[in-house]
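A.B. asks: Return atomic coordinates for the entry below.
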Amino acid sequence: MHTYRYYLLGILGLGLINGTLFAATTAPHPTGFGGGEFQSKIAGAAELGIADQRRIRLENRLIHLDEEIQILTSELRRADAERKKEIHLLLAQKNEARNRIADAEEKAYEGIKGLVARELEEPMREKEQTRAKELAIATKVAEVIAGRETTLQLADKNNDARHKLFQYALPATAVSIAGLMFTYFLVKHYYQARPTIIEPQDTSIRTLMDKMLGITTPASDLDSVILSPDLQEQVLIKFLGLSTAMQRHKPLSNMLFFGPAGTGKTMAAVAFARRLSEQGIAHHVICRGPAFKRLGTASAAQTALADTLRWASKSKLPVVIIIDEAETMFPKRGSQYSDNMTNDLVATMLSYFPNAIHKKMMFILSTNYPDRLDEALVNRVDPSNQIRFTPPGQTEREALLKIYLKHHIIDNDYLIDQNIEHDIPSIANQIEGLVGRQIDSLIAQTLYPLMRKENDPNGKVMLDYTLMQEAIGRAKAEKDFSAF
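C.D. replies: Numbers count the residues shown, from 1 in each chain. This is a model prediction of the structure:
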């Protein structure tokens with residue numbers, strides 16, 4: 001509507017301008033009035049009309065722009081409305097998806113819950129069935145008990161006696177079983193049955209208990225065996241090698257100790273074997289030659305030796321077998337010292353002595369007369385293991401005197417004359433030729449006179465120099481007599 005109005009105004013304006021121009025051009029000009037001024041007014045009016053037309057066109061253009069803006073605004077509003085619809089639609093879809101997920105989760109939970117319930121129902125059903133069966137059995141038992149109530153009442157007294165018996169008998173039985181098990185443990189781990197011919201070493205109950213408690217009371221020690229320096233070094237090196245071989249499960253070699261009586265052969269062998277036993281490395285046994293001879297018959301002696309060797313071969317640990325006075329058991333066959341018994345003993349010994357070495361046991365033969373031993377037995381001992389024991393020298397005799405004086409005199413609460421203590425080298429020189437056993441006997445003999453003086457009111461009894469010299473004289477006389 002505004003556009004048509006502007007168009008009509010424009011047409012009317014153009015008509016007015018054209019009429020004015022037409023009238024101006026046809027009308028006569030007044031006299032005296034310049035024609036140039038009028039022409040300029042007409043030209044200004046024309047320019048105003050042109051400007052007005054431009055204004056009108058600009059207004060029309062603005063109107064068009066306004067209309068376009070209105071159109072764009074409506075389109076934007078329509079697009080915004082559509083976008084809002086899409087957002088609402090997406091939100092609705094999202095809510096619908098959430099609802100579906102919640103429904104699915106609820107259905108899954110219900111399914112799992114039903115499955116668990118079914119899984120639990122079956123054991124419960126089985127338990128209920130079992131309880132029903134037990135209840136039925138208990139009912140039957142109750143019926144039986146009820147039917148026998150009279151019999152049970154008559155037996156109440158006997159039942160009371162049985163209950164008392166069980167009350168005391170069961171603990172006693174349990175204690176007995178525990179005692180038997182403990183005894184079996186002791187026998188199995190700390191005791192091994194040995195043949196009767198073997199000397200009873202470490203088999204007493206007290207010794208077994210001492211072993212369990214870790215208490216050791218060695219009968220002799222290697223350090224207390226007084227030998228010459230060269231001999232002591234030779235013996236200790238051999239013993240150390242044998243101990244190492246036992247710990248490493250290597251073959252063991254046999255040994256032969258020979259020399260005069262009382263020189264420490266058996267003492268050194270026993271000290272070595274006892275130390276191995278205390279360290280849990282090996283067992284040891286001592287066999288005395290005369291003990292086999294006292295069995296009387298060849299078969300008895302042969303059986304005793306075979307039992308001993310068989311026992312040693314079955315031992316879990318290596319066994320050191322010490323045979324003292326071996327010449328009485330294994331003399332040369334066919335010599336004046338042999339008989340049927342010794343011949344059988346030699347044959348039995350050689351059967352366990354095939355290669356002179358063994359992993360489970362070793363022999364230490366001790367003899368005063370090596371030339372009387374059977375040659376086949378001696379040949380199975382390596383020459384380097386045949387060790388000669390000699391009588392003690394001056395230094396060894398002094399050491400032996402000090403040891404036995406302490407053992408027999410001081411340990412028995414007697415005193416020793418200071419002259420004796422200062423004169424030990426001279427006394428050791430006087431008893432040259434005596435061996436360790438004879439020196440031990442010499443000092444032990446002085447105890448008897450000292451015991452007779454114990455009631456002396458003067459105080460403690462003392463071993464004086466005179467009494468010592470008398471004992472030395474008797475010992476030398478006995479040595480000369482035995483040599484004669």
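A.B. asks: okay, and for this structure, where does confidence drop off?
C.D. replies: Within the chain, the stretches with pLDDT under 70 are 1-38, 113, 115-123, 141-142, 144-170, 182-224, 353-358, 454-459, 479-484.
A.B. asks: I'd assumed residue 329 was in contact with residue 292.
C.D. replies: Yes. With contact defined as C-beta atoms under 8 Å, residue 292 and residue 329 form a contacting pair (5.5 Å). Just so you know, the C-beta spots here come from the backbone N, C-alpha and C atoms, and that holds for glycine as well.
A.B. asks: Which one's more surrounded, those two?
C.D. replies: residue 329 (27 against 23; other C-beta atoms under 10 Å).
A.B. asks: can you tell me how far the more buried one sits from residue 342?
C.D. replies: The spacing between residue 329 and residue 342, counted by C-beta to C-beta, to the nearest Å, is 7 Å.
A.B. asks: now residue 361
C.D. replies: 21 Å.
A.B. asks: repeat for residue 262
C.D. replies: Taken as C-beta to C-beta, the span from residue 262 to residue 342 is 24 Å.
A.B. asks: one step back: next, show the common contact partners of residue 292 and residue 329.
C.D. replies: Residues within reach of residue 292 and of residue 329 at once, by C-beta atoms under 8 Å, 6 or more residues apart in numbering, are 305, 345.
A.B. asks: who touches the spatially closest residue to residue 390 that is not a sequence neighbour in this structure?
C.D. replies: Counting by C-beta to C-beta, 6 or more residues apart in numbering, residue 390 lies nearest to residue 259, which is 6.1 Å off, once chain neighbours are set aside. Applying C-beta under 8 Å, 6+ apart to residue 259 gives the contacts 265, 368, 388, 389, 390.
A.B. asks: and the helix of greatest length in the chain, what does it pack onto?
C.D. replies: Counting residues, the longest helix found in the chain (DSSP state H) is helix 35-147. In terms of contacts (3 or more C-beta pairs under 8 Å, 6 or more residues apart in numbering; DSSP states H and E), helix 35-147 is packed against helix 2-26.
A.B. asks: which of the contacts of residue 259 are buried?
C.D. replies: 265, 368, 389 (16 or more other C-beta atoms under 10 Å).
A.B. asks: Tell me the secondary structure at the spatially most central residue of the chain.
C.D. replies: Centroid-nearest residue in the chain: residue 280, 20.0 Å away (criterion: C-alpha atoms, centre = their mean). Residue 280 carries the three-state label coil when classified by DSSP: H, G, I helix; E, B strand; the rest coil.
A.B. asks: How about the backbone phi and psi for the closest residue to it other than its chain neighbours?
C.D. replies: Distance criterion C-beta to C-beta, 6+ apart; nearest residue to residue 280, sequence neighbours excluded, is residue 317 at 7.6 Å. Backbone geometry at residue 317, expressed as degrees, to the nearest 10, gives phi -100, psi 160.
A.B. asks: Please tell me I have it right and residue 317 contacts residue 282.
C.D. replies: Yes. If you go by C-beta under 8 Å, residue 317 and residue 282 touch, sitting 5.2 Å apart.
A.B. asks: neighbour count winner among the two?
C.D. replies: residue 282 (23 against 16).
A.B. asks: residues in contact with the more buried one?
C.D. replies: Neighbours of residue 282 in contact, by C-beta under 8 Å, 6+ apart: 246, 273, 276, 317, 318, 319, 320.
A.B. asks: buried sites along stretch 365-378?
C.D. replies: Those would be 365, 366, 367, 368, 370, 372, 373, 374, 377, 378, for stretch 365-378 by 16+ other C-beta under 10 Å.
A.B. asks: how far away is residue 350 from residue 95?
C.D. replies: Using C-beta to C-beta, residue 350 is found at 108 Å from residue 95.
A.B. asks: what about residue 227, neighbour count?
C.D. replies: Under the criterion other C-beta under 10 Å, the count of neighbours that residue 227 has is 23.
A.B. asks: Next one: the closest residue to it other than its chain neighbours from residue 470, what distance?
C.D. replies: Closest residue to residue 227 apart from its sequence neighbours, by C-beta to C-beta, 6+ apart: residue 264 at 6.0 Å. Per C-beta to C-beta, residue 264 is found 27 Å from residue 470.
A.B. asks: more crowded one of the two?
C.D. replies: Comparing residue 264 with residue 470 by other C-beta under 10 Å, the one with more neighbours is residue 264, at 26 against 13.
A.B. asks: ok, now which ones touch the more buried one?
C.D. replies: For residue 264, the contact set (C-beta under 8 Å, 6+ apart) comprises 225, 226, 227, 389, 436.
A.B. asks: Pretty sure the fourth one sits against residue 263.
C.D. replies: Yes. Counting by C-beta under 8 Å, residue 389 touches residue 263, with 4.0 Å between them.
A.B. asks: now the buried residues of stretch 365-378 as a markdown table including distance to residue 133 and secondary structure?
C.D. replies: Formatted as a markdown table, the buried residues of stretch 365-378 follow (distance: C-beta to C-beta, whole Å; DSSP: H, G, I helix; E, B strand; the rest coil):
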| residue | distance to residue 133 | secondary structure |
| --- | --- | --- |
| 365 | 79 | strand |
| 366 | 80 | strand |
| 367 | 84 | strand |
| 368 | 88 | coil |
| 370 | 88 | helix |
| 372 | 89 | helix |
| 373 | 85 | strand |
| 374 | 84 | coil |
| 377 | 81 | helix |
| 378 | 85 | helix |
